[in-house]
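Participant: For reference, the sequence and a predicted model appear below.
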Amino acid sequence: MKGLAPLFFGIFGTFAFSWLGLTVIPNWQIGHLNPQSDEEGTDIYPQPQSGMFERGAHVYAANGCIYCHSQQVRADYAAADIERKWGNRRSAPRDYIFERSVFLGKMRMGQDIANIGARAPAEPASPAPAGAAAPQASPSGGTSPAASAAPQGGAPAAFPAAPGGSPAASPSSPTPKAPAPASKAPLSSPSPSAIANASPATSPSPAAGAPWPVQTAGEPPMYSPAWHHVHLYSPRSINVDSNMPSYRFLYEKHRIRDARSADALQLTGSDALPEGWEIVPSFDAKCLVAYLMSLNQSHPLKEVRSVGGAPAAPAPPVGLPPASPAPSK
Amino acid sequence: MKEPAISAVAGDTEQLERAYIDASTRVPVLMFYTSAMAWLILGTLLAGFVSFKLHSPDLLSDVSFLTWGRVRPAHMNVMVYGWASMAGMGTAIWLMARLCRTVLRYPLLLVAGAGFWNLGVLLGVGGILLGDSTGYQWLEFPGYAAIILFVAYTLVASWAVLMFRYRRGEQIYITQWYLLGAFLWFPWLYAAGQLMLFVVPVQGVLQSAVGWWYANNLLFLWFGAIALGTAYYMIPKVIGRPVYSYHLATIGFWSYALFSSWTGMQRLVDGPFPAWMITASIAATILTMIPVATVGLNHHMTMQGYFPLMRYSPTLRFTVFGAMSYTVFSVVGVLISLRSVARYVNFTQASIAYSHLGLYAFFTMVIFGSMYYIVPRLIGREWRYASLIKLHFWASAYGIGLMTLMLLAGGFLQGSSMEDPSLTFSESVETVLPYLRGRSLAGLLLTASHFIFAYHFGLMLLGLGRTSTVPTFLNPVEAEASGGH
């Protein structure tokens, strides 16, 4: 080849073509989406998330959750994602418009968690499952009252610092301020449709053939914040076959002073602590769980078809007698 | 590249001139190579840790900076930016000086570039381990490291442009097309990735699109281009024969630039994107068969009749292995991007096999080959032990071969279980675990190969190579079959 000009020109031209084609034009096509709403301008989806959510997303990125968990549900004709109950419809670009870092993911050594928040128990839990080792749990029942209040996330963020609890090691101050991050989020006041959407308890029970672990005796209700904390702290105490690393460094162990902290983990078996000690989530762990609880694409979108019309199947109602210890997830 | 038909005198002058040029590249190229070797060893250790932790998750998991999710991106980034980029730049710098037929000018630009680059990688990897990762594949380095890398890169690229202005001779050889392309594509790519993800982030899923566009283009237009350029130099040089067809090379280069840059979105098949983006990338991936065919044919025809030289020349053996892996890498890339196959392999270990095919079997093997050629010319000593070179080659070749097979087969089975809703999810994970143990075994082979090479390289740096006018051949050369080194 002679002469630099054609070479330079070609090198720039080919790359400009790809840059325009795969980033600039798509940005023009789907880079400025708005949330959808109904005719009255209510029922807005998706909605911006709280500060705890953003910090949780940072914890999610920092600890590499993305290398094992995807957050995208493929269409029913393309894959078995929906059959696996990872969602009730495929994911669409609009689902992600408020996420500052989008973690679509590329690997499923763990399950898809695009709808992990939608699987949380929606009913106010009966105070801890039978046999739960939480006799000193907070007066509010220790499990998941907050989770029920906001099926779209947001509010569960406040859960670990449930009123009445005074997490000694947590930077967030006790009762008055604890729910603040959540109340800032518009989500915490459920709109009518959000409530309508929050009716998974009335939807057919997915327990039969559910691909994720069935409720195990002695654990917090599955996919509740308390469950996430135990799962992050000790994955194999919940599912012996799990190959998820434990994230103990996100938790703090300290001596119980006056009373057990409201958000102390309900640990059983080999993880149980000696008398007088407890494990509480750090602020980062709470943010991470708040982030997980907010992952919810069950709201219908006009541009994609939902399967069966029911939101993503929730965990089996907690009131049911706990199933026999699950063999696997 | 015009080896034959030069008079003895002219040959001598040319040889002297080359030796003079080689000597001028000594400090900067060795600086890049030495840093690259250090990163290679670190990255290998991290890789072993990652591989074992994947099937033994409780290993040291109480320590935050040793958690799997941090060590894995640390490994990837050490390999991509520490080892591969630095070794690739070292080879590219040496080739640029040789092909511009001028002594290396402005060495301080390169020395500063290497220094800053090391600093950037160090800060970036430290940042990842301390929990500052951004979470985007191959762009995990936090902003403060990215900016230093960019400064370092600017120094190296401006050197490359300056060198080009001092070049002698009308002809621009094929290798220079690829190198110039790599040097000019990288900053655009890196800047576009950083800007569109972190400075003025695009909305929602487009961040993922930009991320994968970046990762794939880095693989093709940065690493791939350097490796192809190097192969186009080393193969004809070692066998002492011109490239078979300039015309084929032209087609190969432009089709490579055009099609491989459009790939990336095929790795998000059926994701939340407009279907045309994914289809365009699948089509582009299939079209990359054109450069694969032309480049492969060109190398094959050049080598025709000279394949037995691979018995002797370490450079040729590594380079031809790498060039052949380019074909395998591309064919695997096409297969796993087809919608019917992607359904099964999209979220599995098979995609790890694909990146290792590209970055190791293709790029790294070509770069190993070039280092076997270049280092003796910088140091004035020959490699000390033919046996170590052979061990290095076979451990690398078997290691990467085993790793690819394990991850491809395991990934496909993992995907098939995942697509069968009658099986629980954890069964899909259990399906792949035996293959991951096999991958750890392959990792041990690669670890051995890297330590052998690092040791040999260290001997060379200490001046403990052989003093000889004859290069180190893998096997004793019979009288009639003498080739270049």
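Facilitator: Yep, that arrived. Residues are numbered from 1 along each chain as shown, chains lettered A, B, ... in the order given.
Participant: Spatially nearest residue to residue 78 (excluding sequence neighbours)?
Facilitator: Since you didn't name a chain, this refers to chain A. Nearest residue to residue A:78, sequence neighbours excluded (CB to CB, 6 or more residues apart in numbering or on different chains): residue B:270, at 4.1 Å. Placement of C-beta: from N, CA and C, glycine included.
Participant: not quite, I wanted chain B
Facilitator: Residue B:78 sits nearest to residue B:43 (CB to CB, 6+ apart), 3.8 Å away.
Participant: Report whether the expected contact of that neighbour with residue B:83 is present.
Facilitator: Yes - the pair formed by residue B:43 and residue B:83 meets the contact definition of CB atoms under 8 Å, at 5.5 Å.
Participant: What residues does the stretch 101-250 of chain A have near chain B?
Facilitator: Contact residues (CB under 8 Å from any CB of the partner chain) of the stretch 101-250 of chain A with chain B: A:101-111, A:211-212, A:235-236, A:239, A:241-250.
Participant: ok so, going back, could you say which helix or strand holds the residue nearest to residue B:78?
Facilitator: Using DSSP states H and E, residue B:43 falls within helix B:26-55.
Participant: would you put the C-alpha positions of stretch B:295-315 in PDB?
Facilitator: In PDB, the C-alpha atoms belonging to stretch B:295-315 read as follows (Å, rounded to 0.1, in the frame of the first residue of the first chain):
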ATOM      1  CA  VAL B 295      -5.400 -14.200   6.200                       C
ATOM      2  CA  GLY B 296      -5.300 -17.900   6.800                       C
ATOM      3  CA  LEU B 297      -4.800 -18.700   3.200                       C
ATOM      4  CA  ASN B 298      -2.100 -16.100   2.900                       C
ATOM      5  CA  HIS B 299      -0.200 -17.500   5.900                       C
ATOM      6  CA  HIS B 300      -0.700 -21.000   4.700                       C
ATOM      7  CA  MET B 301       0.500 -20.300   1.200                       C
ATOM      8  CA  THR B 302       3.500 -18.500   2.600                       C
ATOM      9  CA  MET B 303       4.300 -21.400   4.800                       C
ATOM     10  CA  GLN B 304       3.700 -24.000   2.100                       C
ATOM     11  CA  GLY B 305       6.700 -26.200   2.000                       C
ATOM     12  CA  TYR B 306       8.300 -24.600   5.000                       C
ATOM     13  CA  PHE B 307       6.200 -26.200   7.700                       C
ATOM     14  CA  PRO B 308       9.100 -28.500   8.800                       C
ATOM     15  CA  LEU B 309      10.900 -25.400  10.000                       C
ATOM     16  CA  MET B 310       8.500 -25.400  12.900                       C
ATOM     17  CA  ARG B 311      10.700 -28.200  14.200                       C
ATOM     18  CA  TYR B 312      13.500 -25.800  14.800                       C
ATOM     19  CA  SER B 313      12.400 -22.300  15.200                       C
ATOM     20  CA  PRO B 314      10.700 -21.400  18.500                       C
ATOM     21  CA  THR B 315       9.400 -18.200  17.000                       C
END
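Participant: who's in contact with that stretch?
Facilitator: B:228, B:231, B:234-236, B:238-239, B:241-245, B:248-249, B:252, B:256, B:316-317, B:320, B:323, B:326-327, B:369-370, B:372-373, B:383, B:389, B:393, B:471-475, B:477, B:481, B:483-485 (CB atoms under 8 Å, 6 or more residues apart in numbering or on different chains).
Participant: From residue B:152, how far off is residue B:70?
Facilitator: 24 Å (CB to CB, to the nearest Å).
Participant: Filter the residues of the stretch 101-250 of chain A next to chain B down to the ones in strands?
Facilitator: Among these, no residue falls in strands (DSSP state E).
Participant: tell me the SS of the residue in the stretch 101-250 of chain B that chain A sits nearest to?
Facilitator: Residue nearest to chain A within the stretch 101-250 of chain B (CB to the nearest CB): residue B:135, separated by 3.0 Å. Following DSSP: H, G, I helix; E, B strand; the rest coil, we place residue B:135 in the coil state.
Participant: Surely it and residue A:67 touch.
Facilitator: No - using CB under 8 Å as the test, residue B:135 is too far from residue A:67 to be in contact (9.3 Å).
Participant: Counting by contacts, list what the lengthiest helix in chain A packs against.
Facilitator: When chain A is scanned for its longest helix (criterion: DSSP state H), the result is helix A:4-19. Contacts defined by 3 or more CB pairs under 8 Å, 6 or more residues apart in numbering or on different chains; DSSP states H and E place helix A:4-19 against helix B:174-194.
Participant: Going by neighbour count, which residues in the helix it packs on are buried?
Facilitator: For helix B:174-194, a neighbour-count test (16 or more other CB atoms under 10 Å in any protein chain shown) marks B:174-186, B:188-190, B:192-194 as buried.
Participant: Using CSV, write down the CA coordinates of it.
Facilitator: Provided in CSV are the C-alpha atoms of helix B:174-194 (Å, rounded to 0.1, in the frame of the first residue of the first chain):
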residue,chain,number,x,y,z
ILE,B,174,1.2,-5.1,5.9
THR,B,175,2.4,-5.2,9.5
GLN,B,176,2.4,-1.5,9.6
TRP,B,177,-1.2,-1.3,8.5
TYR,B,178,-2.3,-3.4,11.4
LEU,B,179,0.0,-1.6,13.9
LEU,B,180,-1.1,1.8,12.8
GLY,B,181,-4.7,0.7,13.0
ALA,B,182,-4.2,-0.6,16.5
PHE,B,183,-2.5,2.5,17.6
LEU,B,184,-5.2,4.7,16.2
TRP,B,185,-8.2,2.6,17.1
PHE,B,186,-7.3,2.1,20.7
PRO,B,187,-7.5,5.7,22.0
TRP,B,188,-10.8,6.3,20.2
LEU,B,189,-12.2,3.0,21.6
TYR,B,190,-10.9,3.7,25.1
ALA,B,191,-12.1,7.3,25.1
ALA,B,192,-15.5,6.4,23.7
GLY,B,193,-15.9,3.6,26.3
GLN,B,194,-14.9,5.9,29.2
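Participant: who does it touch, helix- and strand-wise?
Facilitator: Right, helix B:174-194 is packed against helix A:4-19, helix B:85-100, helix B:143-165, helix B:206-217, helix B:225-239, helix B:246-255 by 3+ CB pairs under 8 Å, 6+ apart.
Participant: quick one, the first one and helix B:174-194 angle?
Facilitator: Going back to what we said before, that points to helix A:4-19. 40 degrees (axes from the mean of the first three to the mean of the last three CA atoms, to 10 degrees).
Participant: ditto for the shortest one
Facilitator: With the same axes, to 10 degrees as the criterion, the two stretches helix B:246-255 and helix B:174-194 enclose an angle of 0 degrees.
Participant: Quick check: pLDDT value at residue 309.
Facilitator: Using chain A here. Looking at residue A:309, its pLDDT stands at 49.
Participant: oops, I was thinking of chain B
Facilitator: On the pLDDT scale, residue B:309 gets 91.
Participant: doesn't residue A:111 make contact with residue B:425?
Facilitator: Yes - at 5.4 Å, residue B:425 counts as touching residue A:111 under the criterion of CB under 8 Å.
Participant: Now do the contacts for the residue in chain A positioned nearest to chain B.
Facilitator: Taking CB to the nearest CB, chain B has its nearest neighbour within chain A at residue A:64, 2.1 Å off. Applying CB under 8 Å, 6+ apart to residue A:64 gives the contacts B:67, B:68, B:69, B:70, B:72, B:73, B:133, B:135.
Participant: Could you check how far residue B:179 is from residue A:76?
Facilitator: Residue B:179 is 48 Å from residue A:76, by CB to CB.
Participant: Kindly give a single ChimeraX line that selects the buried subset of the contacts of stretch B:295-315.
Facilitator: The buried subset of these, as determined by 16+ other CB under 10 Å, is captured in ChimeraX by this line:
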select /B:228,231,234,235,236,238,239,241,243,244,248,249,252,256,316,317,320,323,326,327,369,370,372,373,383,389,393,471,472,473,474,477,483,484,485
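Participant: Kind regards, and thank you for your time.
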